[in-house]
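Chemist: no FASTA, just this:
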């Protein structure tokens, strides 16, 4: 695991140094997005984006990427927590929990202009950290003894209500220039492949977010 992290970090650093060594001017880009995470038995909704700098020749992007899957935008996606025999919470032995997730990392992307000047292909790669967990919802968040709700969530899930890990993402995006005379405003759609390392929680096994596809749509603004 440690060797993989070192190799991945070195790979990104080598690209950054090479790109900046060949380019004397830079621009900036911002890409907010909505995405659908294809999990094992359902699709999770996520929002996020990336922001960074783009090289003078517009071939490389280097920046940060962050996105998250929160409970409020994933209504009716609930996970059953069956308590041990003899254990109850507010008189219930089975609870329905919601889930959240956030990822943050470094992004490097190569941009390829197609024959049509208004179409580009973008190939992003990301590496970073993420955290995810499961939490009580609605009236269950009012604890029976006045303790903080996160204390109960941790206790009911054996001290593993949430977990941390690292992730890598690789994919492709199709970028369309909206106006013929304005190269700075674009629409995009794409798909990425996600691997996670080191994550596990009481309800979320190691494969919960690992080896998954994520489709996204959004806008790209550049200067």
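Modeler: Yes, it's here. None of the values given here were measured: they were computed from a predicted structure. Numbering: from 1, shown residues only.
Chemist: Quick check: nearest residue in space to residue 99, chain neighbours excluded?
Modeler: Excluding its sequence neighbours, the residue lying closest to residue 99 (CB to CB, 6 or more residues apart in numbering) is residue 134, at 5.1 Å. The way it works is simple: take the backbone N, C-alpha and C, and place the C-beta from them, glycine included.
Chemist: For the one you found, what is the enclosing helix or strand?
Modeler: Under the criterion of DSSP states H and E, residue 134 resides in strand 119-135.
Chemist: and that strand, which strands flank it?
Modeler: Using DSSP bridges, strand 119-135 pairs in its sheet with strand 94-113 (antiparallel), strand 162-179 (antiparallel).
Chemist: For it, which residues meet the burial criterion?
Modeler: Within strand 119-135, the residues that count as buried by 16 or more other CB atoms under 10 Å are 120, 122, 124-128, 130-135.
Chemist: need the next SSE after that strand, C-terminal direction.
Modeler: helix 149-156.
Chemist: quick one, which of the strands paired with strand 119-135 is nearest to residue 33?
Modeler: Residue 33 lies closest, by CB to CB, to one member of the strands paired with strand 119-135: strand 162-179, at 9.4 Å.
Chemist: Would you mind checking the average pLDDT for that closest one?
Modeler: Strand 162-179 comes out with an average pLDDT of 94.
Chemist: Count residues in the vicinity of residue 85, would you?
Modeler: Using other CB atoms under 10 Å, residue 85 is surrounded by 6 other residues.
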